[in-house]
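Engineer: Sequence and predicted structure are below.
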Amino acid sequence: MLVDSTLIDATRTRLRAEMPVTEKWAYFDHAAVAPISAPAQRVLETWTQQAAHEGDTVWLDWARELKETRNTAAELINADVDEIALVPSTTAGINLVAEGLDWKSGDNVVTLDDEFPSNLYPWLHLERLGVETRLVPTTSGHIDLDQLANYCDERTRVVTVSWVGYSNGCRRDLDAIGEIAHRHGALFFLDAIQGLGVFPLDVKRTPVDSLAADGHKWMLGPEGAGIAYIRRSCLEQLTPIGVGWNSVVNSGDYSQRELNLKGDASRYEGGSHNMAGFLALGASLRLLADLGIENVAASILANSDRIADELSELGAVLCSPRSTAASSGIVSVEVPGADPLAVRRHLLDSGVAVACRAGRVRVSAHAYNDDSDLQRLVTAWREIL
């Protein structure tokens, strides 16, 4: 991914101007819960005023704006609009597949041994149906593709991985994984929460059958508002769960009693939406789209490269891959002789937000972090050595 440094600087400056968190924090915890953008904040403030003073008299306006959120989400991954479902969490999107397929005893799911619980427990829960969950070993997040293929067989129904490993930041080769899944007749499901919105993805080219991601990390939206993608060809393979008034064709006509499900992914949106959350998510998605996802990705990788170099020079042991194809916005490090929780507390006291995962300090920069943020991180880090 080659992006001119001038574009990186312009992207960083434009996005930073829309991130109020920069007034107080050097924020490097986007892999956990990100601060929302100013456009998202404005949408929430407007919604709150309308909800308090006008009630549902403006509901049709909200519904029109909700369509724009769906359209923007579809454009983000080059999906068709009718392949997008608005979901309250990544977990909810995963369960559309985990609970929707017609499992048979003896079927299996293939996933990775370093998955976040959201992409593990729904599959383990299928043990009650006689479904086996197979965990492929990883090395610092890296997958041996031959080994992945060997874990699959004629009873593999789903291959599922996280786009980016939450603890080590390893970004996976989706084309290669999807090819392996399809070679074995399995669906390829992607937990996209650590990559969506900041790394390019074209589902018309990359063989992802379904994905899910909440918007509260890299997409700079509020918690409880995310998206799921279900390839049109997979719709009829998944029995809808959580069916409600909003799942049917005549969703606004409450006098109808026939269960006539919608013919698109919105059939999975059974009840009322988190209207405020989805409208705010849409505002942040439009901001990122206007900047250009390639530009956002280049800025994030430039930031994480600098962080990796600086912390390595200060004696931290790098635990995240830094090759062009595998690196992401996550830099995970060990700090010899120091308690990672104590390191985090000191950084927080210094106005620098990071996380601890897997016994390490995890630093996750976004495209708007600049030299001043990096300097605050480095200065505070030196103080604990």
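Structural biologist: Thanks, I have it.
Engineer: Tell me the predicted confidence for the residue lying farthest from the centre of the chain.
Structural biologist: For the chain, the largest distance from the centre (C-alpha atoms, centre = their mean) belongs to residue 255, which lies 38.1 Å off. Listed pLDDT for residue 255 reads 90.
Engineer: Now it, what are its backbone angles?
Structural biologist: phi -80, psi -20 (degrees, to the nearest 10).
Engineer: what does residue 356 give?
Structural biologist: The phi/psi pair for residue 356 (degrees, to the nearest 10) is phi -120, psi 130.
Engineer: So that it lines up with my notes, have the first residue be 378 from now on.
Structural biologist: Will do, 378 is the new start, and the previous item becomes residue 733.
Engineer: And the closest residue in space to it that isn't next to it in sequence, how far from residue 694?
Structural biologist: Spatial nearest neighbour of residue 733, excluding adjacent residues (C-beta to C-beta, 6 or more residues apart in numbering): residue 717 at 4.7 Å. For every residue, glycine as well, the C-beta is placed using N, CA and C. Distance, residue 717 to residue 694, using C-beta to C-beta, to the nearest Å: 12 Å.
Engineer: More neighbours: which of those two?
Structural biologist: The residue with more neighbours, out of residue 717 and residue 694, is residue 717; 19 against 12, by other C-beta atoms under 10 Å.
Engineer: So what touches the host helix or strand of residue 682?
Structural biologist: Assessed by DSSP states H and E, residue 682 sits inside helix 670-690. Contact with helix 670-690 is made by 378, 380, 384-385, 387-389, 392, 405, 453, 546, 574-577, 665, 695, 697, 699, 701, 704-708, 710, 740-746, 751, 754-755, 758, as judged by C-beta atoms under 8 Å, 6 or more residues apart in numbering.
Engineer: now do stretch 613-631
Structural biologist: 472-474, 476-479, 564, 607, 633, 635-640, 643-650.
Engineer: again, only this time at 7 Å
Structural biologist: 472-474, 476-478, 607, 633, 636-639, 644-648 (C-beta atoms under 7 Å, 6 or more residues apart in numbering).
Engineer: what do you get for stretch 521-539?
Structural biologist: Stretch 521-539 is contacted from outside by 474, 478, 480, 483-489, 492-493, 496, 511, 513, 549, 553-554, 557-558, 561, 563-568, 571, using C-beta under 7 Å, 6+ apart.
Engineer: let's see it at 8 Å
Structural biologist: So stretch 521-539 is contacted by 471, 474-475, 478, 480, 483-489, 492-493, 496, 500, 508, 511, 513-514, 520, 549-550, 553-554, 557-558, 560-571 (C-beta under 8 Å, 6+ apart).
Engineer: all helices for this structure, in order.
Structural biologist: Along the chain, the stretches classed as helices by DSSP state H are 382-393, 415-431, 436-454, 467-475, 498-501, 522-528, 551-560, 652-668, 670-690, 717-726, 748-759.
Engineer: before we move on, back to that, need the per-residue pLDDT for the residue nearest to residue 733.
Structural biologist: pLDDT, residue 717: 96.
Engineer: pretty sure it is touching residue 732, no?
Structural biologist: No: in this structure, residue 717 is not within contact of residue 732 by C-beta atoms under 8 Å, at 9.4 Å.
Engineer: which of the contacts of helix 670-690 count as buried?
Structural biologist: Neighbour-count burial (16 or more other C-beta atoms under 10 Å) applied to the contacts of helix 670-690 gives 380, 385, 388-389, 392, 405, 453, 546, 574-576, 665, 695, 697, 699, 704-708, 710, 740-746, 751, 754-755, 758.
Engineer: Can you pull the domain assignment for the chain?
Structural biologist: 382-412+670-759, 421-666 (automatic domain parsing).
Engineer: Show me what the nearest residue to residue 408 once chain neighbours are set aside bridges to in the sheet.
Structural biologist: Of all residues not flanking residue 408 in the chain, residue 741 sits nearest, at 3.7 Å (C-beta to C-beta, 6+ apart). Counting by DSSP bridges, residue 741 forms beta bridges with residue 406, residue 707.
Engineer: Please tell me how far residue 741 sits from residue 445.
Structural biologist: 28 Å.
Engineer: how about stretch 497-509: buried residues?
Structural biologist: Judged by neighbour count using 16+ other C-beta under 10 Å, the buried positions of stretch 497-509 are 497, 499, 500, 501, 503, 508, 509.
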